[in-house]
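A.B. asks: Got a sequence here, can you build the structure:
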Amino acid sequence: MAIVDSIASLGQACIRFVLGLGNFAILLAKILLRTGTIWRRPRLIGAQVHFLGNHSLAIILVAGLFVGLVLGLQGYYTLRRYGSEQALGLLVALALVRELGPVIAALLFAGRAGTSLTAEIGLMKAGEQLAALETMAVDPVARVLGPRFYGGLIAVPLLATLFSAVGILGGWLVGVVLIGVDPGAFWSQMSGGVDFWDDVVNGVIKSVVFGIAVTQIALMQGYGAQPTPEGVARATTLTVVVGSLAVLGLDFVLTALMFGEL
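C.D. replies: Predicted coordinates for the structure are as follows:
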């Protein structure tokens, strides 16, 4: 019986996963099909970009600075073993632009702005505000979810860019100001080794994909939450868990695709 129960539990988990993917795709398709209607009100999208980006800006900048400081220290002590301290700028820039910038910015966005989106939509559903919009013949997907989706889609790449820029500044502070690496070598190695298309553009593509995934997960959890305090709390928790796992999984897939391994 224990084996049968385990198989049944596994089957139920697989069914829930497939249903979740289906709901994700359906809601995303509804938003994309209403793109023209959504962009008729650019002020709503701009307000969401400001709301989501501004609320996440402080933690992004502080985290980016400390990540850059740590990268500078660890990178210097590692490169010193091989006599390559001058490549510290290249190491910090590639690590931030390719991986750490998009990934950590998306994770912080999921924990800060994603939970806010889920709680906001969940409370609107619990307060029957979404039902009231439908009663007045206003599409809640176009009026409420759409601007927030495109706001998150725009905000995450901007935050990832700021994270990488501040992180590079942190690496410069440790490497050049504190340790004494030659500043000319620091910047010349970085500018000569970082490719715009292979590194910068791929990092931007990652951040766009992460922004779509995290924002859509937050909206889906809020839109499908039970209209109770417990339901909204559970949806908010799931936003962080599912959003973080989605970012890490997508990062592996995108990295493999971008480097031609898949």
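A.B. asks: Please determine how far Arg148 is located from Ala113.
C.D. replies: 10 Å (C-beta to C-beta, to the nearest Å). Heads up, the C-betas are built off the backbone N, CA and C, glycines and all.
A.B. asks: which residue packs closest to the residue nearest to the spatial centre of the chain, ignoring adjacent ones?
C.D. replies: Compute the mean C-alpha point of the chain, and by C-alpha atoms, centre = their mean the closest residue is Ala106, 2.2 Å away. Distances taken as C-beta to C-beta, 6 or more residues apart in numbering place Phe210 nearest to Ala106, at 3.6 Å, with adjacent residues excluded.
A.B. asks: Surely the residue nearest to the centre of the chain is in contact with Gly211?
C.D. replies: Yes - between Ala106 and Gly211 a contact is recorded at 7.0 Å, counting by C-beta atoms under 8 Å.
A.B. asks: hey, what's in contact with both of the two?
C.D. replies: Val156 (C-beta atoms under 8 Å, 6 or more residues apart in numbering).
A.B. asks: The residue nearest to the centre of the chain: what's it in contact with?
C.D. replies: Ala106 neighbours (C-beta under 8 Å, 6+ apart): 156, 160, 207, 210-211, 213-214, 243, 247.
A.B. asks: re earlier: quick check: neighbours shared by Arg148 and Ala113?
C.D. replies: Leu52.
A.B. asks: for this protein, longest helix please?
C.D. replies: When the chain is parsed with DSSP state H, its longest helix is helix 42-80.
A.B. asks: Quick one: list the elements packing against it.
C.D. replies: With contacts defined as 3 or more C-beta pairs under 8 Å, 6 or more residues apart in numbering; DSSP states H and E, helix 42-80 has these neighbours: helix 88-94, helix 101-109, helix 115-126, helix 146-172.
A.B. asks: Take those and lay them out in CSV including distance to Thr37 and mean pLDDT.
C.D. replies: Output for the helices and strands packed on helix 42-80, formatted as CSV (distance: least, C-beta to C-beta, whole Å; pLDDT from 0 to 100):
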stretch, distance to Thr37, mean pLDDT
helix 88-94, 41, 94
helix 101-109, 26, 96
helix 115-126, 18, 92
helix 146-172, 7, 96
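A.B. asks: Now stretch 219-227 - C-alpha only, CSV.
C.D. replies: In CSV, the C-alpha atoms belonging to stretch 219-227 read as follows (Å, rounded to 0.1, in the frame of the first residue of the first chain):
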residue,chain,number,x,y,z
LEU,A,219,-0.3,37.6,-11.4
MET,A,220,-1.5,34.0,-11.8
GLN,A,221,-1.1,33.2,-8.1
GLY,A,222,-3.0,36.4,-7.2
TYR,A,223,-5.7,35.9,-9.8
GLY,A,224,-6.3,32.3,-8.8
ALA,A,225,-6.0,32.7,-5.1
GLN,A,226,-8.8,31.7,-2.8
PRO,A,227,-10.7,34.9,-1.7
